[in-house]
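Peer 1: got a structure for you, letters missing:
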């Protein structure tokens, strides 16, 4: 994202190489690739990378794109628009379209200049530095802690040399508690698409010498792989209609949490949750909602498929009223004339079993009635 913060770029290229070379020989990597769809974008800002220089540990040369825009301030923001994100840059637009085209579940945005796992939210409504928790704060803290603990030194929380007073307990931080970022990618990703993203600061120096990269790779290799594995935590499944069709954009909600995850085009969904019990509600337009208590096991994974019934009179009657769909419709009250016509038509249709007495003239004392019998030609007045 920031062209001069190159360690992340190189780490991702090395990760691609490591995954490809170890598939089929390393059980852990083989299982990961057999069960996970992984997308890797080594660089979001190639122009900034070309402008930056090896050995530049702290300047901002190459940070912005060719238009001089910081791409990590250029995404739509939950608290409004400002001069940094009022015009969407080509790189930002391309990444947004990519993210919206795939049902991403978990993501990491790699940076340099610190050593910490940063989690949402990055901004605040008053633009002041203080903690701003996301609805899934417990999950974000878990993900950040998982990365920091798997990193060789991040979990120690030690400051970088250029910021000796900067300490991060456990190697993690809430973004807004550190400093405010408006228009950041991680918050947009979470709020707009449901994808849970961290901003990983993977090294103190922005553009270290090439001979330092092998050590940076060893620092982060296991942490990157462990982080990807967390995508399988929580609940996943498929949302289907009783007619057997997958339901797209069904909403998966957890009681007490206002963040919504939606099903993908094939009805499949994923929601990262920590072990425990949750009341899960699945709903979709045109269908009855379904709520059930689920329990995420200690190993962290639960498959939970859901079938929703269409919310229409025919299906409701079939499920709840012995298939009598007429009971679900608003009743229609007939006028006397309409009732007489119905009775007369009944006589015309069954002349051997029914006789309608209309008494339609003004002087008739006959009461409107219908005579019916179960024996042909033996009519009894009821």
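Peer 2: Done, it's in. As the structure is a prediction and not an experimental result, all values here were calculated from the model.
Peer 1: Please report how far residue 281 lies from residue 287.
Peer 2: Note on residue 281: its distance to residue 287, by CB to CB, to the nearest Å, is 12 Å. Quick note: C-beta positions are derived from backbone N, CA and C, even for glycine.
Peer 1: Looking at those two, which is more packed in?
Peer 2: Ranked by neighbour count (other CB atoms under 10 Å), residue 281 and residue 287 place residue 287 first, with 20 against 15.
Peer 1: pLDDT averaged over stretch 67-74 - what is it?
Peer 2: Per-residue pLDDT over stretch 67-74 has a mean of 96.
Peer 1: Domain-wise, how is the protein divided?
Peer 2: Following automatic domain parsing, one gets these domains for the chain: 7-232, 235-311, 336-381.
Peer 1: Kindly reformat those domains as TSV and extend each row with distance to residue 1.
Peer 2: Converted to TSV, these look like this (distance: least, CB to CB, whole Å):
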stretch	distance to residue 1
domain 7-232	5
domain 235-311	23
domain 336-381	72
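Peer 1: Comparing those, which stretch has the densest surroundings?
Peer 2: Highest mean neighbour count among the domains of the chain (mean count of other CB atoms under 10 Å): domain 7-232, with a mean of 18.
Peer 1: Output the below-cut-off pLDDT ranges for the protein.
Peer 2: Along the chain, segments meeting pLDDT under 70 span 313-331, 359-366, 374-382.
Peer 1: That one: helices as residue ranges?
Peer 2: Assigned by DSSP state H, the chain shows helices spanning 7-22, 27-35, 46-51, 90-101, 137-150, 175-178, 185-188, 213-229, 313-320, 336-349.
Peer 1: What is the linear distance spanned by stretch 357-368 between its boundary residues?
Peer 2: The first residue of stretch 357-368 is 5 Å away from its last residue (CA to CA, to the nearest Å).
Peer 1: cool, and stretch 62-74?
Peer 2: First-to-last residue span, stretch 62-74, CA to CA: 16 Å.
Peer 1: And the contacts of that stretch?
Peer 2: Outside stretch 62-74, the residues within contact range by CB atoms under 8 Å, 6 or more residues apart in numbering are 1-5, 44-45, 47-53, 56, 84-85, 88-89, 91-92, 109, 181-185, 207.
Peer 1: 7 Å instead?
Peer 2: With contacts defined as CB atoms under 7 Å, 6 or more residues apart in numbering, stretch 62-74 is touched by 1-4, 44-45, 47-49, 51-52, 84-85, 88-89, 91-92, 181-185.
Peer 1: Kindly report the same for stretch 143-151.
Peer 2: The list of residues contacting stretch 143-151 from outside it, by CB under 7 Å, 6+ apart, reads 117, 119, 154-155, 170-172, 196, 198, 200, 219-220, 222-223, 226-227, 230.
Peer 1: same deal with stretch 122-135?
Peer 2: Here stretch 122-135 makes contact (CB under 7 Å, 6+ apart) with 77, 79, 120-121, 140, 174-177, 179-182, 184, 186-187, 190, 257-259.
Peer 1: pretty sure residue 229 contacts residue 33?
Peer 2: No: the criterion here is CB atoms under 7 Å, and residue 229 misses it with residue 33 at 11.3 Å.
Peer 1: In strands, which of the contacts of stretch 122-135 fall?
Peer 2: Under the assignment DSSP state E, the contacts of stretch 122-135 contribute 174, 257, 258, 259 to strands.
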